[in-house]
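[1] Let's see this in three dimensions:
(6 chains)
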Protein chains: 6
Amino acid sequence: MTYVLKAPTREKLMRVGTANIANVLLKHGFKNAMMHGIFPINSAQAQLVGPAYTLRFIPAREDLDNMTNYSRDDNMHRRAIEECPEGAVLVIDAFGNTKASSMGDMMAARLKYRGVSGVVTDGGYRDSPAIHAIGLPCFQKHNAPPATPIALHPISLNEPVGCGGVAIYPGDIIVGDGDGVVVIPQALIDQVADEALDAFEYEEFAALQIQQGRSIFGLFPATENSRKEYSIWKCAQKKEG
Amino acid sequence: MTYVLKAPTREKLMRVGTANIANVLLKHGFKNAMMHGIFPINSAQAQLVGPAYTLRFIPAREDLDNMTNYSRDDNMHRRAIEECPEGAVLVIDAFGNTKASSMGDMMAARLKYRGVSGVVTDGGYRDSPAIHAIGLPCFQKHNAPPATPIALHPISLNEPVGCGGVAIYPGDIIVGDGDGVVVIPQALIDQVADEALDAFEYEEFAALQIQQGRSIFGLFPATENSRKEYSIWKCAQKKEG
Amino acid sequence: MTYVLKAPTREKLMRVGTANIANVLLKHGFKNAMMHGIFPINSAQAQLVGPAYTLRFIPAREDLDNMTNYSRDDNMHRRAIEECPEGAVLVIDAFGNTKASSMGDMMAARLKYRGVSGVVTDGGYRDSPAIHAIGLPCFQKHNAPPATPIALHPISLNEPVGCGGVAIYPGDIIVGDGDGVVVIPQALIDQVADEALDAFEYEEFAALQIQQGRSIFGLFPATENSRKEYSIWKCAQKKEG
Amino acid sequence: MTYVLKAPTREKLMRVGTANIANVLLKHGFKNAMMHGIFPINSAQAQLVGPAYTLRFIPAREDLDNMTNYSRDDNMHRRAIEECPEGAVLVIDAFGNTKASSMGDMMAARLKYRGVSGVVTDGGYRDSPAIHAIGLPCFQKHNAPPATPIALHPISLNEPVGCGGVAIYPGDIIVGDGDGVVVIPQALIDQVADEALDAFEYEEFAALQIQQGRSIFGLFPATENSRKEYSIWKCAQKKEG
Amino acid sequence: MTYVLKAPTREKLMRVGTANIANVLLKHGFKNAMMHGIFPINSAQAQLVGPAYTLRFIPAREDLDNMTNYSRDDNMHRRAIEECPEGAVLVIDAFGNTKASSMGDMMAARLKYRGVSGVVTDGGYRDSPAIHAIGLPCFQKHNAPPATPIALHPISLNEPVGCGGVAIYPGDIIVGDGDGVVVIPQALIDQVADEALDAFEYEEFAALQIQQGRSIFGLFPATENSRKEYSIWKCAQKKEG
Amino acid sequence: MTYVLKAPTREKLMRVGTANIANVLLKHGFKNAMMHGIFPINSAQAQLVGPAYTLRFIPAREDLDNMTNYSRDDNMHRRAIEECPEGAVLVIDAFGNTKASSMGDMMAARLKYRGVSGVVTDGGYRDSPAIHAIGLPCFQKHNAPPATPIALHPISLNEPVGCGGVAIYPGDIIVGDGDGVVVIPQALIDQVADEALDAFEYEEFAALQIQQGRSIFGLFPATENSRKEYSIWKCAQKKEG
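    Predicted coordinates for the structure are as follows:
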């Protein structure tokens, strides 16, 4: 598994919406690509794009999960913070559990320093306001401040997991924005980025048309004719540019 | 069914809170008038007031619900966007389903252009940040970015529906604010608007009293005496005005 | 039961995070100290600290719960608003019910005037935007605008209750911030405040270290050595100050 | 508060269905009389009828709730088992919590011996198969075998509580059958029993009519004419008897 | 829309399991054919097979929904009981609401007499034990004894609805068994019945093989070779028969 | 990790209740040992005892999960059926998903033939009535008949998983009865079996005492004195035997 996300592809994915990507994935037969009920901790945060590096939690057990064991250097939760590659997105499978924290502000600060792109969990975080202040794009179900060992045991790094009802394989591309989080299978990344950008730019064209009073019929979703109009508009734009 | 909402009535309803209206409706015997778990996509959005025009979804079926059928001009979801009357509120019965989008930013832009007042769904939207930017007051359960045909099939326009656990009959008046969404039966609109405005203004009076240190006993809820004080205060205000 | 919360203890608790407190309580054997799914009505609101004064609701019954009975001066909901001690936090056990309001803006205004610190409910409020404007820190599950008697009957004042899945005994200290709400057993208040402040200041030290590129290993959670470094850093700070 | 339930009234309530009683209560203005989501542990168990004696739980706290404290003779959970009056129904407000047991088979055996009519909780039981074998009619949300102190703390006896979303005041009459559990306000017991029995017997008449091919129109719900027919049928029956 | 369900097709569907049918529908591209969370009121009840006749509920409203209006002969709930065709299945869209009854034993008795095949709701019933005694196969979420007008308003007959998360178009074939309820699009009925029976009989063959110690590999799911073995076995059986 | 479960230990665990075991585990500090919301498919089924062999599912993905891939011999779901050791319990982590089947009757028949003790899932099964007829003790959330690949992808065998909110490490002992399912950490098996049997037999003694009219005070929970009485009773029994 490689973590190479080409710069141009990343730039495209930074511009488009998760909903555009979900539509493109639907055309490729993927109906279940957006996590359900997972949202940004702060709607003002930056767009998140990067390859998935995963951490899997299972329920805690009283004899294994206490602050002493938690503090050990081989604790996989803490290892994930130090080992998640630069540019990657840490995806945490907390099996939807919000009774304990998937991450806090100290860990977020370290990830930020290490150049990790952001974090997604189907559980929740502690210190959410501080995490937002750090500037790391993070997505969760809702805040979950109690200490991790109260309910969560880190069991494995970077294996396929589920998060928010979607399968994530290491290296899949995660994109998050104000709408939520979408997962792009690794093999389709560049193609999806191109098609999503095209869909995004078509919507820029369509938005202008709608502002001028045009009906959505024949315009949205796109038709063969409206695609032609869009091509002309796009060429004109480029000339201007 | 008429869509006439008198301008003065509309002005009154633009001033009062949904909670004031709910209280007035309770006096008329309506206990179940506020949608449950339906909130604005952005707490900063404007107040929503208008008569209900409804769209009903049922679960999607794979042979009927695909992007090809979805693009047809007789698709009721898209027809709703073009046919919802100016000034009306599009109320979408998505049977609480947030696995697919009840509406996106292109449709919101068109509704805005057409002078539709806003949208309410017990499902969710895609492109919520863009919808907020467009300035159309919209209410939902939570974001639901996946493409509509993945889970939702539009089956009928402007028939009685349920939304957020409340019955909506076409022409009922929908009012939405930072608290949520309330439904006013059509026959009671003007009366409810008057009573709600009176309750709202009484609360302005009561708020002043409370700021001056008065107890809520004998003041809130209103008593015969406090109503008299309020009338005097109101007259005084008008003279000032 | 006493409501004395020493000023220095209060100052400490105003500085620290609820997550810091939850960690300290865990060290004392308390795993279930943070309310689940209870959040501030507005993330910008001030920190909440104060001893708990409780109100318990049970389900409403049609013959007992109507606006007439509700308006009586012996109504315990309204009595709670007038009797909750200055500086205390009104904790409302609404058994998780969001079908009716645990409180509205008139009551919030009165509590604010009376010097009550804030309100916590596992139900919801009406007039949430107005409550935020009043400046009273309030926490809830989500908005619940319908009139209280529709679903809630106030049955007792200041007895032990549950709220958000946590036991609250009158006089326990409630602390709320952007993360949520934590409950400190009365007997441990001063000790927990000291330990939480120490943990909070250690995290200030750790945050600086992380910003300088230090790994969380050996730093977070704290080790004996990192504690020593922290002590030195802290002394140095004091000299500077 | 008295626990007198007249023998004839009890006999009537032993014959009728909870749904008949709920209908009668609706005529008296009570819409929320049946517990929601509370069912018998075994559909074959006997009908439950008796006045409510209540036990209220709040969430457990680690320093107060352990097996040592639990074993104390002043533990209210155990006191409830010894103090619930003969013929009464023990109604347990577990605030819907099924993470720990509201009762087990030892307690059920003791209640059975003491002549208690049965138990209702909005939590769950341990040893449900054994409880059924003991022959005590018991209703719950679903099994909850873990030890009580893990999640539940008994806080008070025989005060008004909520259970399954319904208010229960000590002395209210509880009736449970295969459909669920209904609560009859104490002041209405005899009247409701009479009306419910009448409704029940009318349904016996209606069932015969339906078996003979009669439409439900003009028969169910009852009309003035069908009531007359029923009276004649009933008189005829009595003569036969 | 026709209600003709050929006798041989019906016989086939009476033999096969809903899970067999769901598998066949999956081969035809239908992934969402089984209702979610809808089960028989009694696991001992007979298999249900018949074309769908639908009733749609919306939330009740206090001024429209009372026992007086409910008793009117044009009440659609009662009309459904008299108008649902013989042999059909009454499918009730209660939008998942279990706060009031989708049907009771009087209505079930009438449907039984009229030769209706059974009833499916995503709400619940009252008098479930009596309904089972009547012998009408009925499926629901869970018991819901309160009177219908408390929460449900019947709004339309035999239009497309959703039930248990699945789309039902009038005339679709409903099959229910101990596993749950599946919906067969009308156009595919005979083909699905044939394929499901074949799958069912293959499983009879496979079960015998497994009892003799054969691995599921190469046997289940069926392979080309195992299909051949099955054909030979089937021929042999017929000769025997 | 060994799968040896000593015959005497197994016999003890076959006699005791899951609630007895949960109590013993609580004494050892384990509060979260019983799965939440997981029950037998049929209350009449035999007790389940055996070491855990685990299968983990993640959400399905359209390009990987189809009947073709599902039929491959390296499919881990099918491998689990052939590789789960004799006497073991197959524990399936379906992350609580009931939209597709964790197992069906063909697989159950094969497991039965292979001498596997039973199956536990936090999802659900298809063909539940047939599975019960096969006589394999199986526990689930509720029926889930749709084909596995619709929602579930088998990703790993016999690694630590979560099921019903409890951690399961391969080799832990699973015990299931009419109450639910409990998990015993491998290191404690023999000790827990002894203590649970003792607790079980003490309850037999206590039950007799209760039948003779003894109060639960001083008897249940056991006291030093009641333990002595029990010892005498037990010796007397042995002499008789």
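[2] what are the ranges of the helices in chain A?
    A:7-15, A:18-27, A:67-70, A:76-83, A:105-113, A:128-134, A:189-211, A:224-240 (DSSP state H).
[3] For chain E, find the nearest of those.
    Across the helices of chain A, chain E has its closest neighbour in helix A:18-27 (14.0 Å, C-beta to the nearest C-beta). Where you see a C-beta, it was placed from the backbone N, CA and C, and this is true even at glycine.
[4] How about the closest one and chain B, any contact?
    Yes: using C-beta under 8 Å from any C-beta of the partner chain, helix A:18-27 reaches chain B at A:18-19, A:22-23, A:26-27.
[5] next one: stretch A:135-144
    No: Stretch A:135-144 is not in contact with chain B by C-beta under 8 Å from any C-beta; minimum separation 10.7 Å.
[6] State the mean pLDDT of that stretch.
    Here stretch A:135-144 scores 98 as its mean pLDDT.
[7] circling back to that earlier point, including neighbour count, could the residues of helix A:18-27 next to chain B go into a markdown table?
    Converted to a markdown table, those look like this (neighbours: other C-beta atoms under 10 Å in any protein chain shown):
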| residue | neighbour count |
| --- | --- |
| A:18 | 29 |
| A:19 | 30 |
| A:22 | 28 |
| A:23 | 25 |
| A:26 | 19 |
| A:27 | 12 |
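[8] Mind putting the residues you listed into JSON lines with distance to residue C:63 and pLDDT?
    Below are the residues of helix A:18-27 next to chain B laid out as JSON lines (distance: C-beta to C-beta, whole Å; pLDDT from 0 to 100):
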{"residue": "A:18", "distance to residue C:63": "52", "pLDDT": "98"}
{"residue": "A:19", "distance to residue C:63": "51", "pLDDT": "97"}
{"residue": "A:22", "distance to residue C:63": "52", "pLDDT": "97"}
{"residue": "A:23", "distance to residue C:63": "55", "pLDDT": "97"}
{"residue": "A:26", "distance to residue C:63": "54", "pLDDT": "97"}
{"residue": "A:27", "distance to residue C:63": "59", "pLDDT": "96"}
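[9] For those, give me TSV that also has distance to chain F.
    As requested, the residues of helix A:18-27 next to chain B are exported to TSV (distance: C-beta to the nearest C-beta, whole Å):
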residue	distance to chain F
A:18	17
A:19	18
A:22	13
A:23	15
A:26	10
A:27	12
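[10] quick check, nearest of those to chain B?
    residue A:19 (4.0 Å).
[11] How about the contacts made by that closest one?
    Taking C-beta atoms under 8 Å, 6 or more residues apart in numbering or on different chains as the contact definition, residue A:19 lies against A:179, B:101, B:104, B:126-127, B:145-146.
[12] Count the neighbours of the closest residue to residue A:222 other than its chain neighbours for me.
    Nearest residue to residue A:222, sequence neighbours excluded (C-beta to C-beta, 6 or more residues apart in numbering or on different chains): residue A:202, at 5.7 Å. Using other C-beta atoms under 10 Å in any protein chain shown, residue A:202 has 23 neighbouring residues.
[13] Residue A:202 contacts residue A:229, correct?
    No: if you go by C-beta atoms under 8 Å, residue A:202 and residue A:229 don't touch, sitting 10.0 Å apart.
[14] I'd like the distance between the nearest residue to residue A:104 once chain neighbours are set aside and residue C:34.
    Spatial nearest neighbour of residue A:104, excluding adjacent residues (C-beta to C-beta, 6+ apart): residue A:126 at 4.2 Å. Distance, residue A:126 to residue C:34, using C-beta to C-beta, to the nearest Å: 9 Å.
[15] Which residues are in contact with each of the two?
    Common neighbours of residue A:126 and residue C:34, using C-beta under 8 Å, 6+ apart, are A:145-146, C:22.
[16] which of those residues lies closest to residue C:52?
    Nearest to residue C:52, judged by C-beta to C-beta, of the shared contacts of residue A:126 and residue C:34 is residue C:22 at 16.5 Å.
[17] How about the lowest-mean-pLDDT helix or strand in chain A and chain C, any contact?
    Scoring the helices and strands of chain A by mean pLDDT, DSSP states H and E places helix A:67-70 at the bottom, with a mean of 86. Yes: remark: helix A:67-70 sits within contact range of chain C at A:67, A:70, by C-beta under 8 Å from any C-beta.
[18] ok now that helix, how far from the chain's centre?
    With C-alpha atoms, centre = their mean, to the nearest Å as the basis, helix A:67-70 stands 30 Å off its chain's centre.
[19] Would you agree residue A:34 is in contact with residue A:166?
    Yes: here residue A:34 reaches residue A:166: they are 7.0 Å apart, a contact under C-beta under 8 Å.
[20] Pull out the buried residues from the strand ranked longest in chain A.
    Scanning chain A for the strand with the most residues, using DSSP state E, yields strand A:48-59. Buried residues in strand A:48-59, counted by 16 or more other C-beta atoms under 10 Å in any protein chain shown: A:48-59.
[21] coming back round to it: just give me the closest of the residues of helix A:18-27 next to chain B to residue C:171.
    Of the residues of helix A:18-27 next to chain B, the one sitting nearest to residue C:171 (C-beta to C-beta) turns out to be residue A:18, at 47.7 Å.
[22] ok, now which ones touch the closest one?
    A:34, A:175-177, A:179-182, B:145.
[23] cutoff 10 Å now
    By C-beta atoms under 10 Å, 6 or more residues apart in numbering or on different chains, the contact set of residue A:18 is A:33-35, A:47-48, A:174-183, A:196, B:126-127, B:143, B:145-146.
[24] Over to residue A:205?
    A:219, A:222, A:226-227, A:229-234, A:237.
[25] what's the lowest-pLDDT member of the residues you listed?
    residue A:237 (86).
[26] what's near enough to touch it?
    Contacts of residue A:237 (C-beta under 10 Å, 6+ apart): A:201, A:204-205.
[27] Could you report the separation of residue A:92 from residue A:107?
    11 Å.
[28] who has more neighbours, the two?
    The neighbour count for residue A:92 versus residue A:107, taken as other C-beta under 10 Å, is higher for residue A:107 (27 against 23).
[29] Now the more buried one: closest residue in space that isn't a chain neighbour?
    residue A:81 (4.8 Å).
[30] Contacts only, for the closest residue to chain E within chain A.
    In chain A, the residue that lies nearest chain E is residue A:31 (8.6 Å; C-beta to the nearest C-beta). By C-beta under 10 Å, 6+ apart, the residues touching residue A:31 are A:22, A:25, B:60, B:62, B:99-100, B:146-147, B:149-151, E:31, F:61-62.
[31] follow-up on the earlier one: now list whatever residues contact both of residue A:202 and residue A:229.
    A:219, A:222.
[32] rewinding a little: for the contacts of residue A:19, which one is nearest chain C?
    Nearest to chain C among these, with distances taken as C-beta to the nearest C-beta, is residue A:179, at 19.5 Å.
[33] Return the residues in contact with the closest one.
    Counting by C-beta under 10 Å, 6+ apart, the residues that residue A:179 touches are A:17-20, A:22, A:34, A:39-40, A:43, B:101, B:104, B:124-131, B:143-146.
[34] Show the average pLDDT along stretch A:76-86.
    Per-region confidence: stretch A:76-86 scores 97 on mean pLDDT.
[35] So for residue A:34 and residue A:166, which sits in the more crowded spot?
    Legend: neighbour count by other C-beta under 10 Å for residue A:34 and residue A:166, higher for residue A:34 (31 against 25).
[36] Around the residue of chain A found nearest chain D, how many other residues sit close by?
    As assessed by C-beta to the nearest C-beta, chain D sits closest to residue A:99 within chain A, at 10.8 Å. Using other C-beta under 10 Å, residue A:99 is surrounded by 20 other residues.
[37] right, and it touches residue C:36 too?
    Yes: taking C-beta atoms under 10 Å as the definition, residue A:99 is a contact partner of residue C:36 at 6.7 Å.
[38] Give the residues shared as contacts by these two.
    With C-beta under 10 Å, 6+ apart, residue A:99 and residue C:36 have common neighbours A:144, A:146, C:165.
[39] for the residue of chain A closest to chain D, phi and psi?
    Dihedral angles of residue A:99 (phi, psi; degrees, to the nearest 10) stand at phi -80, psi -10.
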